[in-house]
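> Whatever this is, show me its structure:
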Amino acid sequence: MSGLCRGRSCSRRRAASSRSLSAALARPTVPMRPTRKNAENCLGICRTSKKNDSLSSASLQRAFFCYTGAMKRERSKSNIHHKIGALLCAALCCTGFAGCSPAPSTPHHSAAGIPDRFTAEEDKIAVFSQGDADGFFAADGWKNGFPFNCHWKGECIRFDGGVMSMTVRQEEDGSFSGAEYRSRSYFSYGYYSVSMKAAKCSGVISSFFTYTGHPWDEIDIEFLGKDTTGIQLNYYTNGVGGHEYFYRLGFDGAEDFHEYGFDWQPDSITWYVDGKAVYRATEEIPSADTQIMMNVWNGEGEGFTEWCGPLDTGALPATAQYEWIAYRAA
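A predicted model of the protein is given here:
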């Protein structure tokens, strides 16, 4: 880009400025002025942060938006091809496209020191290479109501290719159909896990969770289809939620199968990704016996759109796949 200073002293000044900007980017309340100087530093941060994982994805996105804002203000035609190339570079760094996965979050401090845990073969209670599992059934012919914007249809679940596929699709009349699968039996404290690959479509949720109904107790692992490089962890006790925690995976959960699980105990819930503990909750823990469930669905309403993104009907049908489900009693 034109106008860049050169020389060793200037490099030192730019490095110091970039460090200050990195600190600012890590604080969401700090306003980012889309100046040319900030834009150049932001671009450098986007280019290098993949190497040292120094910034979160949210901070990288702020850097990217600062850069693009400055370019709109600049409106200069000089070196336009270089600017376009740099813009694409920043976009790739911030979004993880073109095979560039985002850096994983550091496991929450609540999970520090918790040993790794992997699912044992004998704990698998449903292996979908063997087809439909005894003790489970598909929802068929009804609708949950708001915020769900689909009817559950058993035909949206298939068992082939060694997996269970669950699909959201749009029907000829414009309505939507989704898939839900649950256990007939109820389970208590223990370790719950799944091998799954998420549906990739803005506005679609794919999940693995436990649910009671009455009282409403629930423990969640959810993929938001607008960004399958992370998972949302949450739980409800007597209908009270608000315990959301978003964990950045470091890979795209829609590209391959990975193991996700949670260890539910009377005094805690610990979530795992590929055997590693990533988050632990210890307040207001659910206690009621529960069903094991999975569903893939699209929602409606402004709040849902803000959470999961607007529905991309062009990406439908959207399918999540599951290899197995496991449970080991406490």
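
> what residue ranges in the stretch 1-150 of the chain score low on pLDDT?
Across the stretch 1-150 of the chain, the ranges flagged by pLDDT under 70 are 1-104.

> can you rerun that using 50?
For the stretch 1-150 of the chain, applying pLDDT under 50 flags the ranges 1-34, 36, 46-62, 64-100.

> pretty sure residue 167 contacts residue 317?
Yes. Assessed by Cβ atoms under 8 Å, residue 167 is found in contact with residue 317 at 4.9 Å. C-betas here are computed from N, CA, C, even on glycine.

> overlap in contacts of those two?
Counting by Cβ atoms under 8 Å, 6 or more residues apart in numbering, residue 167 and residue 317 have no common neighbour.

> Compare those two (neighbour count), which wins?
Neighbour count, other Cβ atoms under 10 Å: between residue 167 and residue 317, residue 167 has more, with 21 against 16.

> Checking that one next. Helix, strand or coil?
Secondary structure, DSSP: H, G, I helix; E, B strand; the rest coil: residue 167 is strand.

> how close does it get to residue 106?
Residue 167 sits at a distance of 34 Å from residue 106 (criterion: Cβ to Cβ, to the nearest Å).

> repeat for residue 297
Counting by Cβ to Cβ, the gap from residue 297 to residue 106 is 31 Å.

> and the two? which has more neighbours close in?
Ranked by neighbour count (other Cβ under 10 Å), residue 297 and residue 106 place residue 297 first, with 26 against 13.

> Can you name the residues that contact the more buried one?
148, 149, 150, 168, 178, 179, 180, 204, 205.

> Quick one: residues contacting the first one.
Same thing as residue 148. Residues in contact with residue 148 (Cβ under 8 Å, 6+ apart) are 178, 297, 298, 299, 300.

> ok, 6 Å please
With contacts taken as Cβ atoms under 6 Å, 6 or more residues apart in numbering, residue 148 has the following neighbours: residue 297.

> Run through the bridge partners of it.
Bridge pairing for residue 148 (DSSP bridges) gives the partners residue 299.

> separation between it and residue 121?
35 Å.

> how's the protein carved up into domains?
Listed domain ranges for the chain are 8-95, 111-329 (source: automatic domain parsing).

> Point out the most buried one among those.
domain 111-329 (a mean of 18; mean count of other Cβ atoms under 10 Å).
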